[in-house]
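Q: Any chance you can model this:
(4 chains)
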Protein chains: 2
Amino acid sequence: MGETAATYDASHYERPSVTVDVVIFTILHRELKVLLVKRKHWPFEGMWAIPGGFVEIHEGLPEAAYRELEEEAGVSGEDVYLEQLYTFGDPGRDPRTRVITVAYFALVAADRLNLRAASDAADVGWFSAYSPPPLAFDHAEILEYAITRLRYKLEYTAVGFQLLPERFTLRQLQEVYEIVLSKKLDKGNFRSKLRKSGVVEPTDGYLETGGRPACLYHFRDDAVAEVKTRRLFP
Amino acid sequence: MGETAATYDASHYERPSVTVDVVIFTILHRELKVLLVKRKHWPFEGMWAIPGGFVEIHEGLPEAAYRELEEEAGVSGEDVYLEQLYTFGDPGRDPRTRVITVAYFALVAADRLNLRAASDAADVGWFSAYSPPPLAFDHAEILEYAITRLRYKLEYTAVGFQLLPERFTLRQLQEVYEIVLSKKLDKGNFRSKLRKSGVVEPTDGYLETGGRPACLYHFRDDAVAEVKTRRLFP
DNA sequence: ACAAAAGTGTTGAGAGTACACCCATGC
DNA sequence: GCATGGGTGTACTCTCAACACTTTTGT
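A: Next comes the predicted model:
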(Lines give C-alpha, C1' and ligand atoms only; values in the text may rest on other atoms or scores of the structure.)
Protein backbone atom coordinates (compact mmCIF):
# COMPACT_ATOMS: atom_id res chain seq x y z
CA MET A 1 0.00 0.00 0.00
CA GLY A 2 1.19 3.50 -0.75
CA GLU A 3 0.56 6.93 0.68
CA THR A 4 -3.19 6.70 0.80
CA ALA A 5 -2.92 3.58 2.89
CA ALA A 6 -0.38 5.13 5.21
CA THR A 7 -2.65 8.01 6.08
CA TYR A 8 -5.64 5.74 6.46
CA ASP A 9 -8.19 6.53 9.12
CA ALA A 10 -11.06 4.11 9.55
CA SER A 11 -13.52 6.72 10.74
CA HIS A 12 -13.70 8.78 7.54
CA TYR A 13 -13.11 6.16 4.94
CA GLU A 14 -16.24 4.96 3.18
CA ARG A 15 -15.80 1.30 2.36
CA PRO A 16 -17.38 -0.68 -0.45
CA SER A 17 -19.07 -4.01 0.25
CA VAL A 18 -17.33 -7.16 -0.91
CA THR A 19 -19.10 -10.28 -2.10
CA VAL A 20 -18.09 -13.61 -3.60
CA ASP A 21 -20.03 -14.99 -6.57
CA VAL A 22 -19.50 -18.59 -7.64
CA VAL A 23 -20.24 -19.80 -11.15
CA ILE A 24 -20.93 -23.50 -10.61
CA PHE A 25 -20.73 -25.72 -13.68
CA THR A 26 -21.76 -29.31 -14.13
CA ILE A 27 -22.76 -31.58 -16.99
CA LEU A 28 -26.31 -32.92 -17.06
CA HIS A 29 -28.12 -34.56 -19.98
CA ARG A 30 -25.14 -33.97 -22.26
CA GLU A 31 -25.28 -30.23 -21.70
CA LEU A 32 -23.09 -27.74 -19.84
CA LYS A 33 -25.21 -26.43 -16.99
CA VAL A 34 -24.79 -23.54 -14.59
CA LEU A 35 -26.43 -23.19 -11.18
CA LEU A 36 -28.67 -20.15 -10.74
CA VAL A 37 -30.76 -18.91 -7.83
CA LYS A 38 -33.95 -16.86 -8.00
CA ARG A 39 -33.78 -13.52 -6.26
CA LYS A 40 -36.39 -12.89 -3.58
CA HIS A 41 -35.92 -9.15 -2.99
CA TRP A 42 -35.28 -5.86 -4.67
CA PRO A 43 -33.35 -5.21 -6.83
CA PHE A 44 -33.95 -7.63 -9.70
CA GLU A 45 -36.61 -9.44 -7.65
CA GLY A 46 -37.69 -12.69 -9.29
CA MET A 47 -34.75 -12.72 -11.68
CA TRP A 48 -32.12 -15.44 -11.81
CA ALA A 49 -28.64 -14.77 -10.50
CA ILE A 50 -25.31 -16.44 -9.90
CA PRO A 51 -25.12 -17.65 -6.28
CA GLY A 52 -23.05 -15.47 -4.01
CA GLY A 53 -22.89 -13.66 -0.73
CA PHE A 54 -21.04 -11.20 1.39
CA VAL A 55 -17.56 -12.00 2.63
CA GLU A 56 -17.54 -12.16 6.41
CA ILE A 57 -15.06 -9.87 8.10
CA HIS A 58 -12.75 -12.68 9.24
CA GLU A 59 -13.36 -15.07 6.40
CA GLY A 60 -10.94 -15.75 3.55
CA LEU A 61 -12.11 -15.45 -0.03
CA PRO A 62 -11.86 -19.15 -0.96
CA GLU A 63 -13.59 -20.03 2.33
CA ALA A 64 -16.48 -17.76 1.38
CA ALA A 65 -16.67 -19.43 -2.02
CA TYR A 66 -16.69 -22.91 -0.49
CA ARG A 67 -19.43 -21.80 1.85
CA GLU A 68 -21.56 -20.76 -1.11
CA LEU A 69 -20.89 -24.10 -2.76
CA GLU A 70 -22.11 -25.98 0.28
CA GLU A 71 -25.12 -23.76 0.82
CA GLU A 72 -26.33 -23.69 -2.77
CA ALA A 73 -25.15 -26.93 -4.35
CA GLY A 74 -24.66 -29.07 -1.26
CA VAL A 75 -21.15 -30.19 -2.17
CA SER A 76 -18.19 -30.32 0.17
CA GLY A 77 -14.82 -28.81 -0.58
CA GLU A 78 -12.95 -31.95 -1.62
CA ASP A 79 -15.45 -32.73 -4.34
CA VAL A 80 -15.00 -29.60 -6.40
CA TYR A 81 -12.49 -27.77 -8.48
CA LEU A 82 -12.51 -24.11 -7.47
CA GLU A 83 -10.57 -21.26 -9.02
CA GLN A 84 -10.68 -17.50 -8.72
CA LEU A 85 -11.99 -15.97 -11.92
CA TYR A 86 -11.94 -12.19 -11.87
CA THR A 87 -12.99 -9.28 -9.70
CA PHE A 88 -15.85 -7.11 -10.94
CA GLY A 89 -16.08 -3.74 -9.29
CA ASP A 90 -17.82 -1.33 -11.58
CA PRO A 91 -19.50 1.43 -9.53
CA GLY A 92 -23.17 1.08 -10.24
CA ARG A 93 -23.18 -2.65 -10.93
CA ASP A 94 -25.40 -2.89 -7.85
CA PRO A 95 -28.03 -0.13 -7.49
CA ARG A 96 -28.11 -0.41 -3.69
CA THR A 97 -24.54 0.51 -2.88
CA ARG A 98 -21.00 0.03 -4.07
CA VAL A 99 -20.41 -3.72 -4.26
CA ILE A 100 -17.17 -5.29 -5.44
CA THR A 101 -17.49 -8.98 -6.19
CA VAL A 102 -14.74 -11.54 -6.43
CA ALA A 103 -15.99 -14.13 -8.90
CA TYR A 104 -14.99 -17.79 -8.70
CA PHE A 105 -15.78 -20.67 -10.96
CA ALA A 106 -16.33 -24.24 -9.85
CA LEU A 107 -16.56 -27.61 -11.56
CA VAL A 108 -18.69 -30.29 -9.90
CA ALA A 109 -19.34 -33.83 -11.09
CA ALA A 110 -23.04 -34.51 -11.45
CA ASP A 111 -22.88 -37.46 -9.04
CA ARG A 112 -21.63 -35.24 -6.22
CA LEU A 113 -24.55 -32.85 -6.38
CA ASN A 114 -27.05 -32.64 -3.60
CA LEU A 115 -29.31 -29.82 -4.57
CA ARG A 116 -32.50 -30.59 -2.69
CA ALA A 117 -30.73 -31.13 0.59
CA ALA A 118 -29.19 -27.71 0.42
CA SER A 119 -31.85 -25.36 -0.85
CA ASP A 120 -35.49 -24.90 -1.66
CA ALA A 121 -35.87 -26.57 -5.05
CA ALA A 122 -38.12 -23.93 -6.61
CA ASP A 123 -35.57 -21.17 -6.12
CA VAL A 124 -32.50 -22.97 -7.40
CA GLY A 125 -31.95 -24.67 -10.72
CA TRP A 126 -29.57 -25.83 -13.38
CA PHE A 127 -29.70 -23.90 -16.65
CA SER A 128 -28.00 -24.26 -19.97
CA ALA A 129 -24.80 -22.25 -19.69
CA TYR A 130 -24.91 -21.26 -23.34
CA SER A 131 -28.47 -19.90 -23.33
CA PRO A 132 -29.22 -18.82 -19.79
CA PRO A 133 -32.29 -16.82 -18.76
CA PRO A 134 -31.91 -13.04 -18.27
CA LEU A 135 -29.62 -12.51 -15.31
CA ALA A 136 -29.53 -9.92 -12.52
CA PHE A 137 -26.75 -7.34 -12.07
CA ASP A 138 -23.79 -7.85 -14.43
CA HIS A 139 -24.08 -11.60 -14.03
CA ALA A 140 -24.43 -12.24 -17.76
CA GLU A 141 -20.99 -10.74 -18.21
CA ILE A 142 -19.59 -12.83 -15.36
CA LEU A 143 -21.05 -16.01 -16.84
CA GLU A 144 -19.63 -15.17 -20.25
CA TYR A 145 -16.24 -14.65 -18.72
CA ALA A 146 -16.47 -17.93 -16.80
CA ILE A 147 -17.33 -19.90 -19.93
CA THR A 148 -14.38 -18.42 -21.78
CA ARG A 149 -12.08 -19.33 -18.92
CA LEU A 150 -13.49 -22.83 -18.66
CA ARG A 151 -12.80 -23.41 -22.33
CA TYR A 152 -9.25 -22.18 -21.98
CA LYS A 153 -8.74 -24.42 -18.97
CA LEU A 154 -9.96 -27.46 -20.85
CA GLU A 155 -7.84 -26.70 -23.88
CA TYR A 156 -4.62 -26.22 -21.98
CA THR A 157 -4.99 -28.44 -18.95
CA ALA A 158 -6.72 -31.67 -18.12
CA VAL A 159 -9.41 -30.59 -15.65
CA GLY A 160 -12.15 -32.22 -17.71
CA PHE A 161 -12.55 -35.17 -15.38
CA GLN A 162 -13.61 -32.82 -12.61
CA LEU A 163 -16.97 -32.94 -14.37
CA LEU A 164 -17.06 -36.77 -14.33
CA PRO A 165 -17.45 -39.45 -11.65
CA GLU A 166 -14.37 -41.02 -10.04
CA ARG A 167 -14.14 -43.63 -12.77
CA PHE A 168 -15.07 -42.88 -16.34
CA THR A 169 -14.60 -44.15 -19.87
CA LEU A 170 -12.52 -42.28 -22.40
CA ARG A 171 -15.62 -41.79 -24.53
CA GLN A 172 -17.30 -40.00 -21.61
CA LEU A 173 -14.27 -37.78 -21.17
CA GLN A 174 -14.22 -36.98 -24.86
CA GLU A 175 -17.91 -36.12 -24.65
CA VAL A 176 -17.18 -33.61 -21.87
CA TYR A 177 -14.62 -31.91 -24.05
CA GLU A 178 -16.97 -31.90 -27.02
CA ILE A 179 -19.77 -30.37 -24.98
CA VAL A 180 -17.68 -27.64 -23.43
CA LEU A 181 -15.76 -26.78 -26.58
CA SER A 182 -18.84 -27.21 -28.82
CA LYS A 183 -16.68 -29.09 -31.27
CA LYS A 184 -16.39 -32.65 -32.56
CA LEU A 185 -13.09 -34.32 -31.69
CA ASP A 186 -11.32 -37.17 -33.41
CA LYS A 187 -11.53 -40.35 -31.35
CA GLY A 188 -8.11 -41.72 -32.24
CA ASN A 189 -6.21 -38.49 -31.71
CA PHE A 190 -8.02 -37.76 -28.47
CA ARG A 191 -7.05 -41.14 -27.06
CA SER A 192 -3.44 -41.16 -28.18
CA LYS A 193 -2.90 -37.64 -26.87
CA LEU A 194 -4.37 -38.61 -23.53
CA ARG A 195 -2.25 -41.76 -23.32
CA LYS A 196 0.93 -39.85 -24.04
CA SER A 197 0.15 -37.17 -21.45
CA GLY A 198 -0.17 -39.88 -18.81
CA VAL A 199 -2.88 -38.17 -16.79
CA VAL A 200 -5.27 -41.11 -16.82
CA GLU A 201 -4.76 -44.73 -15.86
CA PRO A 202 -6.94 -47.74 -16.66
CA THR A 203 -8.67 -49.53 -13.79
CA ASP A 204 -9.84 -53.12 -13.77
CA GLY A 205 -13.47 -52.06 -14.22
CA TYR A 206 -15.48 -52.14 -17.41
CA LEU A 207 -18.71 -50.46 -18.43
CA GLU A 208 -21.41 -52.13 -20.58
CA THR A 209 -22.23 -49.82 -23.44
CA GLY A 210 -24.18 -51.74 -26.08
CA GLY A 211 -21.08 -52.52 -28.09
CA ARG A 212 -17.73 -53.64 -26.85
CA PRO A 213 -17.41 -52.89 -23.11
CA ALA A 214 -15.40 -49.76 -22.30
CA CYS A 215 -12.48 -49.74 -19.91
CA LEU A 216 -12.97 -47.45 -16.91
CA TYR A 217 -10.15 -45.01 -16.26
CA HIS A 218 -9.31 -42.80 -13.33
CA PHE A 219 -7.27 -39.64 -13.00
CA ARG A 220 -3.73 -40.05 -11.71
CA ASP A 221 -3.46 -37.37 -9.03
CA ASP A 222 0.33 -37.60 -9.07
CA ALA A 223 0.22 -36.54 -12.74
CA VAL A 224 0.85 -33.02 -13.82
CA ALA A 225 -2.43 -31.60 -15.03
CA GLU A 226 -0.69 -28.83 -16.90
CA VAL A 227 0.37 -29.71 -20.38
CA LYS A 228 3.14 -28.25 -22.42
CA THR A 229 1.82 -26.03 -25.15
CA ARG A 230 3.23 -24.45 -28.21
CA ARG A 231 4.40 -21.08 -27.09
CA LEU A 232 5.27 -18.08 -29.14
CA PHE A 233 8.85 -18.07 -27.85
CA PRO A 234 10.00 -21.20 -26.10
CA MET B 1 -25.77 -12.49 -4.94
CA GLY B 2 -27.77 -15.02 -2.96
CA GLU B 3 -29.64 -14.99 0.30
CA THR B 4 -27.07 -13.15 2.31
CA ALA B 5 -27.17 -10.32 -0.18
CA ALA B 6 -30.93 -10.21 -0.22
CA THR B 7 -31.14 -9.71 3.52
CA TYR B 8 -28.34 -7.17 3.50
CA ASP B 9 -28.52 -4.29 5.93
CA ALA B 10 -25.80 -1.68 5.74
CA SER B 11 -25.95 -0.73 9.39
CA HIS B 12 -24.88 -4.11 10.84
CA TYR B 13 -22.58 -5.32 8.17
CA GLU B 14 -18.90 -4.88 8.88
CA ARG B 15 -17.13 -4.20 5.61
CA PRO B 16 -13.54 -4.93 4.68
CA SER B 17 -11.39 -2.23 3.11
CA VAL B 18 -10.53 -2.58 -0.56
CA THR B 19 -7.26 -1.47 -2.11
CA VAL B 20 -5.64 -1.70 -5.52
CA ASP B 21 -1.97 -2.67 -5.78
CA VAL B 22 -0.14 -2.24 -9.08
CA VAL B 23 2.98 -4.23 -9.94
CA ILE B 24 4.70 -1.93 -12.44
CA PHE B 25 7.35 -3.55 -14.65
CA THR B 26 9.86 -1.96 -16.94
CA ILE B 27 13.23 -2.85 -18.42
CA LEU B 28 16.26 -0.81 -17.40
CA HIS B 29 19.93 -1.66 -17.90
CA ARG B 30 19.02 -5.02 -19.43
CA GLU B 31 17.14 -6.08 -16.32
CA LEU B 32 13.51 -6.59 -15.46
CA LYS B 33 12.66 -3.96 -12.87
CA VAL B 34 9.72 -3.43 -10.58
CA LEU B 35 8.67 -0.16 -8.99
CA LEU B 36 8.61 -0.11 -5.20
CA VAL B 37 7.78 2.59 -2.67
CA LYS B 38 9.15 2.98 0.82
CA ARG B 39 6.54 2.88 3.58
CA LYS B 40 6.47 5.89 5.87
CA HIS B 41 4.21 4.58 8.64
CA TRP B 42 3.34 1.58 10.72
CA PRO B 43 3.05 -1.24 9.88
CA PHE B 44 6.20 -2.25 8.01
CA GLU B 45 7.55 1.29 8.35
CA GLY B 46 10.66 1.79 6.25
CA MET B 47 10.10 -1.37 4.24
CA TRP B 48 9.57 -1.45 0.51
CA ALA B 49 6.14 -2.19 -0.89
CA ILE B 50 4.24 -2.45 -4.13
CA PRO B 51 2.48 0.86 -4.84
CA GLY B 52 -1.21 0.86 -4.10
CA GLY B 53 -4.02 2.69 -2.43
CA PHE B 54 -7.62 2.55 -1.36
CA VAL B 55 -10.37 2.37 -3.93
CA GLU B 56 -12.55 5.45 -3.69
CA ILE B 57 -16.22 4.77 -3.16
CA HIS B 58 -17.28 5.88 -6.65
CA GLU B 59 -14.16 4.86 -8.49
CA GLY B 60 -13.82 1.83 -10.77
CA LEU B 61 -11.03 -0.66 -10.19
CA PRO B 62 -9.06 0.05 -13.38
CA GLU B 63 -9.44 3.78 -12.71
CA ALA B 64 -7.90 3.33 -9.30
CA ALA B 65 -5.04 1.38 -10.86
CA TYR B 66 -4.42 4.08 -13.48
CA ARG B 67 -4.44 6.67 -10.73
CA GLU B 68 -1.68 4.79 -8.93
CA LEU B 69 0.29 4.58 -12.15
CA GLU B 70 0.13 8.33 -12.62
CA GLU B 71 0.89 9.14 -9.01
CA GLU B 72 3.82 6.76 -8.59
CA ALA B 73 5.35 6.33 -12.04
CA GLY B 74 4.10 9.51 -13.72
CA VAL B 75 2.74 7.74 -16.78
CA SER B 76 -0.62 8.36 -18.42
CA GLY B 77 -3.12 5.68 -19.28
CA GLU B 78 -2.41 5.36 -23.01
CA ASP B 79 1.25 4.58 -22.42
CA VAL B 80 0.82 1.42 -20.40
CA TYR B 81 -0.42 -2.09 -20.64
CA LEU B 82 -2.60 -2.80 -17.60
CA GLU B 83 -4.23 -6.07 -16.64
CA GLN B 84 -5.97 -7.38 -13.56
CA LEU B 85 -3.84 -10.02 -11.87
CA TYR B 86 -5.53 -11.57 -8.86
CA THR B 87 -7.34 -10.61 -5.70
CA PHE B 88 -5.61 -11.28 -2.41
CA GLY B 89 -7.90 -11.28 0.58
CA ASP B 90 -6.39 -13.36 3.32
CA PRO B 91 -7.63 -12.16 6.71
CA GLY B 92 -4.55 -10.98 8.55
CA ARG B 93 -2.55 -9.97 5.50
CA ASP B 94 -2.75 -6.44 6.93
CA PRO B 95 -2.36 -6.19 10.72
CA ARG B 96 -4.42 -2.99 10.93
CA THR B 97 -7.73 -4.27 9.62
CA ARG B 98 -9.22 -6.56 7.04
CA VAL B 99 -7.93 -5.39 3.67
CA ILE B 100 -8.76 -7.06 0.39
CA THR B 101 -6.50 -5.97 -2.45
CA VAL B 102 -7.14 -6.28 -6.15
CA ALA B 103 -3.69 -6.62 -7.72
CA TYR B 104 -2.93 -5.37 -11.23
CA PHE B 105 0.20 -5.63 -13.27
CA ALA B 106 1.45 -3.02 -15.69
CA LEU B 107 4.07 -2.85 -18.42
CA VAL B 108 5.69 0.50 -19.12
CA ALA B 109 8.36 1.34 -21.68
CA ALA B 110 11.38 2.92 -20.05
CA ASP B 111 11.11 6.03 -22.25
CA ARG B 112 7.63 6.80 -20.93
CA LEU B 113 8.68 6.95 -17.33
CA ASN B 114 8.64 10.15 -15.39
CA LEU B 115 9.55 9.16 -11.88
CA ARG B 116 10.92 12.38 -10.42
CA ALA B 117 8.00 14.44 -11.59
CA ALA B 118 5.58 12.20 -9.79
CA SER B 119 7.16 11.36 -6.46
CA ASP B 120 9.91 12.09 -4.03
CA ALA B 121 12.92 10.27 -5.46
CA ALA B 122 14.19 8.87 -2.16
CA ASP B 123 10.99 7.00 -1.44
CA VAL B 124 10.46 5.41 -4.84
CA GLY B 125 12.77 3.24 -6.86
CA TRP B 126 13.24 0.55 -9.45
CA PHE B 127 14.43 -2.81 -8.16
CA SER B 128 15.40 -6.04 -9.80
CA ALA B 129 12.21 -8.05 -10.07
CA TYR B 130 14.03 -11.33 -9.56
CA SER B 131 15.84 -10.36 -6.37
CA PRO B 132 13.79 -7.66 -4.70
CA PRO B 133 14.41 -6.36 -1.17
CA PRO B 134 12.22 -7.73 1.65
CA LEU B 135 8.67 -6.57 1.00
CA ALA B 136 5.86 -5.47 3.31
CA PHE B 137 2.59 -7.39 3.76
CA ASP B 138 2.19 -10.33 1.36
CA HIS B 139 3.77 -8.31 -1.43
CA ALA B 140 6.50 -10.89 -2.09
CA GLU B 141 3.78 -13.35 -2.99
CA ILE B 142 2.04 -10.80 -5.19
CA LEU B 143 5.27 -10.01 -7.02
CA GLU B 144 5.98 -13.71 -7.54
CA TYR B 145 2.53 -14.16 -8.98
CA ALA B 146 2.96 -11.15 -11.27
CA ILE B 147 6.26 -12.45 -12.65
CA THR B 148 4.72 -15.83 -13.39
CA ARG B 149 1.85 -14.15 -15.19
CA LEU B 150 4.16 -11.86 -17.13
CA ARG B 151 6.13 -14.85 -18.37
CA TYR B 152 2.98 -16.62 -19.45
CA LYS B 153 1.83 -13.51 -21.23
CA LEU B 154 5.07 -13.19 -23.13
CA GLU B 155 5.13 -16.84 -24.07
CA TYR B 156 1.61 -16.94 -25.41
CA THR B 157 1.00 -13.44 -26.68
CA ALA B 158 3.04 -10.66 -28.15
CA VAL B 159 2.94 -8.00 -25.45
CA GLY B 160 6.72 -7.74 -25.32
CA PHE B 161 6.89 -4.48 -27.20
CA GLN B 162 4.93 -2.80 -24.40
CA LEU B 163 8.31 -2.69 -22.69
CA LEU B 164 9.99 -1.00 -25.68
CA PRO B 165 9.77 2.42 -27.32
CA GLU B 166 7.40 3.02 -30.23
CA ARG B 167 10.01 1.88 -32.72
CA PHE B 168 12.48 -0.88 -31.94
CA THR B 169 14.83 -3.34 -33.57
CA LEU B 170 14.17 -7.04 -33.57
CA ARG B 171 17.30 -7.59 -31.53
CA GLN B 172 15.92 -5.30 -28.83
CA LEU B 173 12.66 -7.22 -28.83
CA GLN B 174 14.50 -10.50 -28.58
CA GLU B 175 16.46 -9.11 -25.66
CA VAL B 176 13.24 -8.29 -23.84
CA TYR B 177 12.10 -11.86 -24.22
CA GLU B 178 15.44 -13.20 -23.11
CA ILE B 179 15.45 -11.02 -20.02
CA VAL B 180 11.91 -11.85 -18.95
CA LEU B 181 12.15 -15.56 -19.73
CA SER B 182 15.74 -15.81 -18.46
CA LYS B 183 16.60 -17.88 -21.48
CA LYS B 184 18.72 -17.51 -24.61
CA LEU B 185 16.71 -17.56 -27.83
CA ASP B 186 17.81 -18.47 -31.34
CA LYS B 187 18.07 -15.37 -33.50
CA GLY B 188 16.89 -16.95 -36.75
CA ASN B 189 13.93 -18.77 -35.25
CA PHE B 190 12.85 -15.74 -33.27
CA ARG B 191 12.80 -13.60 -36.38
CA SER B 192 11.07 -16.07 -38.67
CA LYS B 193 8.40 -16.78 -36.08
CA LEU B 194 7.79 -13.09 -35.66
CA ARG B 195 7.60 -12.53 -39.39
CA LYS B 196 5.09 -15.33 -39.84
CA SER B 197 2.90 -14.04 -37.00
CA GLY B 198 2.66 -10.66 -38.71
CA VAL B 199 2.53 -8.61 -35.52
CA VAL B 200 5.41 -6.31 -36.43
CA GLU B 201 6.04 -4.21 -39.51
CA PRO B 202 9.28 -2.60 -40.69
CA THR B 203 9.46 1.20 -40.78
CA ASP B 204 11.77 3.29 -42.95
CA GLY B 205 14.02 4.05 -40.00
CA TYR B 206 17.34 2.47 -39.16
CA LEU B 207 19.40 2.36 -36.02
CA GLU B 208 23.22 2.59 -35.91
CA THR B 209 24.54 -0.32 -33.88
CA GLY B 210 28.26 -0.68 -34.55
CA GLY B 211 27.73 -3.30 -37.21
CA ARG B 212 25.20 -3.31 -39.99
CA PRO B 213 22.40 -0.84 -39.16
CA ALA B 214 19.24 -2.46 -37.80
CA CYS B 215 15.81 -1.88 -39.28
CA LEU B 216 13.37 -0.27 -36.87
CA TYR B 217 10.02 -2.04 -36.56
CA HIS B 218 6.75 -1.04 -35.01
CA PHE B 219 3.83 -3.04 -33.69
CA ARG B 220 0.84 -3.41 -36.00
CA ASP B 221 -2.11 -2.51 -33.79
CA ASP B 222 -4.51 -4.16 -36.23
CA ALA B 223 -2.67 -7.44 -35.70
CA VAL B 224 -3.93 -10.09 -33.36
CA ALA B 225 -1.64 -10.21 -30.39
CA GLU B 226 -2.90 -13.63 -29.43
CA VAL B 227 -1.09 -16.47 -31.07
CA LYS B 228 -2.30 -19.94 -31.74
CA THR B 229 -0.80 -22.40 -29.34
CA ARG B 230 -0.59 -26.12 -29.11
CA ARG B 231 -3.57 -27.03 -27.06
CA LEU B 232 -4.32 -30.28 -25.36
CA PHE B 233 -7.55 -30.72 -27.29
CA PRO B 234 -8.04 -28.45 -30.27
C1' DA C 1 -24.01 -62.55 -39.46
C1' DC C 2 -24.59 -57.89 -38.43
C1' DA C 3 -24.77 -53.60 -35.78
C1' DA C 4 -22.61 -50.82 -32.35
C1' DA C 5 -19.22 -49.03 -29.86
C1' DA C 6 -14.26 -49.64 -28.12
C1' DG C 7 -9.71 -49.35 -29.33
C1' DT C 8 -5.25 -49.08 -32.60
C1' DG C 9 -2.20 -47.81 -36.56
C1' DT C 10 -0.64 -45.16 -40.68
C1' DT C 11 0.53 -41.24 -43.35
C1' DG C 12 1.23 -36.58 -45.33
C1' DA C 13 1.56 -31.79 -43.91
C1' DG C 14 3.24 -28.40 -41.13
C1' DA C 15 5.75 -26.50 -36.97
C1' DG C 16 9.98 -26.47 -34.00
C1' DT C 17 15.08 -26.50 -33.63
C1' DA C 18 19.83 -26.18 -34.48
C1' DC C 19 23.11 -24.41 -37.25
C1' DA C 20 25.49 -22.43 -41.13
C1' DC C 21 25.83 -18.85 -44.11
C1' DC C 22 25.38 -13.98 -46.41
C1' DC C 23 25.05 -8.65 -45.88
C1' DA C 24 26.08 -3.82 -44.52
C1' DT C 25 28.63 -0.67 -41.82
C1' DG C 26 32.88 1.43 -39.06
C1' DC C 27 37.74 1.31 -38.29
C1' DG D 1 40.53 -6.30 -44.84
C1' DC D 2 38.33 -7.51 -40.74
C1' DA D 3 35.47 -7.14 -36.73
C1' DT D 4 30.67 -6.47 -35.47
C1' DG D 5 26.16 -7.15 -35.44
C1' DG D 6 21.92 -7.54 -38.74
C1' DG D 7 19.48 -10.71 -41.59
C1' DT D 8 18.33 -15.26 -44.25
C1' DG D 9 18.07 -20.18 -45.53
C1' DT D 10 18.26 -25.25 -44.89
C1' DA D 11 17.82 -29.86 -43.06
C1' DC D 12 16.46 -32.87 -39.53
C1' DT D 13 12.99 -34.00 -36.09
C1' DC D 14 8.71 -34.09 -33.94
C1' DT D 15 3.74 -33.16 -33.47
C1' DC D 16 -0.90 -32.62 -35.67
C1' DA D 17 -4.87 -34.21 -37.94
C1' DA D 18 -7.44 -37.05 -40.90
C1' DC D 19 -8.77 -41.51 -41.86
C1' DA D 20 -8.82 -46.51 -42.21
C1' DC D 21 -8.60 -50.41 -39.76
C1' DT D 22 -9.24 -54.22 -36.00
C1' DT D 23 -11.61 -55.99 -31.67
C1' DT D 24 -15.31 -57.23 -28.57
C1' DT D 25 -19.81 -57.35 -27.16
C1' DG D 26 -25.37 -57.92 -27.91
C1' DT D 27 -29.14 -59.49 -30.93
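
Q: Which residue would you name as the spatial centre of chain A?
A: A:Ala106 (2.4 Å; C-alpha atoms, centre = their mean).

Q: Next up, the contacts around A:Glu141.
A: The neighbourhood of A:Glu141, defined by C-beta atoms under 8 Å, 6 or more residues apart in numbering or on different chains, consists of A:Phe88. In short, each C-beta sits where N, CA and C put it, glycine included.

Q: ok, and does the helix or strand hosting it reach over to DNA strand D?
A: Using DSSP states H and E, A:Glu141 sits in helix A:139-156. No - using C-beta under 7 Å from any atom of the strand, helix A:139-156 stays clear of DNA strand D, coming no nearer than 10.8 Å.

Q: Show the secondary-structure elements that the helix or strand that that helix is followed by is packed against.
A: Note on helix A:139-156: by DSSP H and E, the next helix or strand toward the C-terminus is helix A:170-181. Counting contacts by 3 or more C-beta pairs under 8 Å, 6 or more residues apart in numbering or on different chains; DSSP states H and E, helix A:170-181 packs against strand A:31-38, helix A:139-156, helix A:187-197, strand A:214-219.

Q: Out of these, which is the most enclosed?
A: The highest mean neighbour count among the helices and strands packed on helix A:170-181, using mean count of other C-beta atoms under 10 Å in any protein chain shown, belongs to strand A:31-38: a mean of 21.

Q: helix or strand right after it?
A: Taking DSSP H and E, what comes next after strand A:31-38 is strand A:48-49.

Q: Just the residues contacting that next one, thanks.
A: Residues outside strand A:48-49 that contact it (C-beta under 8 Å, 6+ apart): A:36-39, A:125, A:127, A:132-137, A:139, B:1-2.

Q: Adjacent strands (with direction) for the longest strand along chain A?
A: Longest strand in chain A, counting residues (DSSP state E): strand A:17-28. With DSSP bridges as the test, strand A:17-28 is paired with strand A:31-38 (antiparallel), strand A:52-54 (antiparallel), strand A:99-108 (parallel).

Q: Count the neighbours of the nearest residue to A:Ile147 once chain neighbours are set aside for me.
A: Leaving aside its sequence neighbours, A:Ile147 sits nearest to A:Ala129 (C-beta to C-beta, 6 or more residues apart in numbering or on different chains; 6.0 Å). Residue crowding around A:Ala129 was assessed by other C-beta atoms under 10 Å in any protein chain shown; the count is 23.

Q: OK, contacts around A:Ala129?
A: A:Ala129 neighbours (C-beta under 8 Å, 6+ apart): A:25, A:31-34, A:143, A:147.

Q: on that earlier part again, show me the subset of the contacts of strand A:48-49 that also lies near DNA strand C.
A: On the criterion C-beta under 7 Å from any atom of the strand, none of the entries of the contacts of strand A:48-49 sits beside DNA strand C.

Q: List only those of those residues flagged as buried.
A: Listed as buried from those are A:36-39, A:125, A:127, A:132, A:135-137, A:139, B:1-2; burial here means 16 or more other C-beta atoms under 10 Å in any protein chain shown.

Q: and chain A, what are its domains?
A: Here the domain parsing of chain A from automatic domain parsing is A:14-154, A:159-229.

Q: Deepest in the core, which of these is it.
A: Ranked by mean neighbour count, these are led by domain A:14-154 with a mean of 19 (mean count of other C-beta under 10 Å).

Q: For that one, measure first residue to last.
A: Criterion C-alpha to C-alpha, to the nearest Å; first-to-last residue distance in domain A:14-154 is 41 Å.

Q: coming back round to it: tabulate the helices and strands packed on helix A:170-181 in a markdown table, adding columns for mean pLDDT.
A: Listed next are these as a markdown table, based on pLDDT from 0 to 100:
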| stretch | mean pLDDT |
| --- | --- |
| strand A:31-38 | 96 |
| helix A:139-156 | 93 |
| helix A:187-197 | 90 |
| strand A:214-219 | 94 |
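
Q: Quick one: closest of those to B:Gln174.
A: helix A:139-156 (25.3 Å; C-beta to C-beta).

Q: got the residues of chain A near DNA strand C?
A: Contacts of chain A with DNA strand C, taken as C-beta under 7 Å from any atom of the strand, map to A:169-171, A:187-189, A:191-192, A:195, A:209-215, A:230, A:234.

Q: ok, which of these also contact DNA strand D?
A: A:187-189, A:210-213, A:230.

Q: what about A:Ser182, distance to A:Ala140?
A: 18 Å (C-beta to C-beta, to the nearest Å).

Q: can you pull the contacts of A:Ala110?
A: A:Ala110 makes contact with A:26-28, A:163, A:165 under the criterion C-beta under 8 Å, 6+ apart.

Q: where in chain A is pLDDT low?
A: Along chain A, the model assigns pLDDT under 70 to residues A:1-12, A:116-122, A:223-234.

Q: ok, now with 50
A: A:1-11, A:228-232, A:234 (pLDDT under 50).

Q: what does it have sitting close to DNA strand D?
A: Within reach of DNA strand D by C-beta under 7 Å from any atom of the strand, chain A has these residues: A:186-189, A:193, A:208, A:210-213, A:230.

Q: residue contacts, the closest residue to A:Val176 other than its chain neighbours?
A: Computed as C-beta to C-beta, 6+ apart, the closest residue to A:Val176 that is not its neighbour in sequence is A:Gly160, at 4.8 Å. Shown in contact with A:Gly160 (C-beta under 8 Å, 6+ apart): A:154, A:173, A:176-177, A:180.

Q: likewise A:Tyr217?
A: Listed by C-beta under 8 Å, 6+ apart, the contact partners of A:Tyr217 are A:167-170, A:173, A:200-203.

Q: Tell me the one of those nearest B:Gly60?
A: Using C-beta to C-beta, A:Leu173 comes nearest to B:Gly60 of the contacts of A:Tyr217, at 40.9 Å.
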